[in-house]
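[1] Compute the structure for the input listed below.
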Amino acid sequence: MKIDLIKKWERNKHKLDNFFRTNKQSEFSNYKSIVKKIFELCINDDGVGAKWDFDNMVVIDHGDYQGTQLFIVPLRTYQPGVADYLITHTYYGSCSGCDTLQAICSYSDGLPDNNQVKEYMTLSLHLVQRMKCIGDLYNDKIYFEN
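    Below is the predicted model of the structure:
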């Protein structure tokens with residue numbers, strides 16, 4: 001499945017920027033909530049192309065105080081196949097010194113300032129840049145062989 005995520009991001013990132021500016025940080029205090037907003041406001045943008053079922057997103061996190069979170073989002077379709085899933089990921093830490101999101105929010109839950117909004121947008125862009133169709137990963141031979 002070919003989807004131009006960067007074009008969708010560029011066309012709609014202002015919606016996410018506006019969301020960050022007008023909502024308390026407590027509404028996007030974890031990576032899952034930010035990934036959902038990226039899909040809601042940027043990727044499932046304008047009725048053009050595939051719709052992704054971010055409400056049925058699966059988050060894999062086998063870490064404890066630090067680790068990696070994988071976000072797997074299915075296409076909104078009947079019985080999705082391997083090509084009907086997008087995946088992205090992030091690394092997280094246990095404190096503001098080693099976790100991007102905690103460093104941005106500065107342990108505050110009020111409205112973000114302009115600098116924080118820029119940092120939330122950069123974090124979001126990185127999540128979009130890491131998005132891949134799971135089927136493409138297989139086709140690009142990024143898999144393990146015995």
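[2] and the residue nearest the centre of the chain, what helix or strand is that in?
    Among the residues of the chain, the one closest to the centroid is Val35, at 3.0 Å (CA atoms, centre = their mean). Assigned by DSSP states H and E, Val35 belongs to helix 31-38.
[3] Which parts of the protein are strands?
    Shown for the chain, the strands assigned by DSSP state E span residues 58-61, 67-74, 85-92, 132-133.
[4] Columns mean neighbour count and distance to Glu119 on top of these, output as TSV?
    For the C-beta atoms, the positions are set from N, CA and C on the backbone; glycine is no exception. Below are the strands of the chain laid out as TSV (neighbours: other CB atoms under 10 Å; distance: least, CB to CB, whole Å):
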stretch	mean neighbour count	distance to Glu119
strand 58-61	12	22
strand 67-74	18	18
strand 85-92	19	14
strand 132-133	18	24
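[5] Ok, which of the ones you listed comes nearest Asn115?
    strand 85-92 (20.3 Å; CB to CB).
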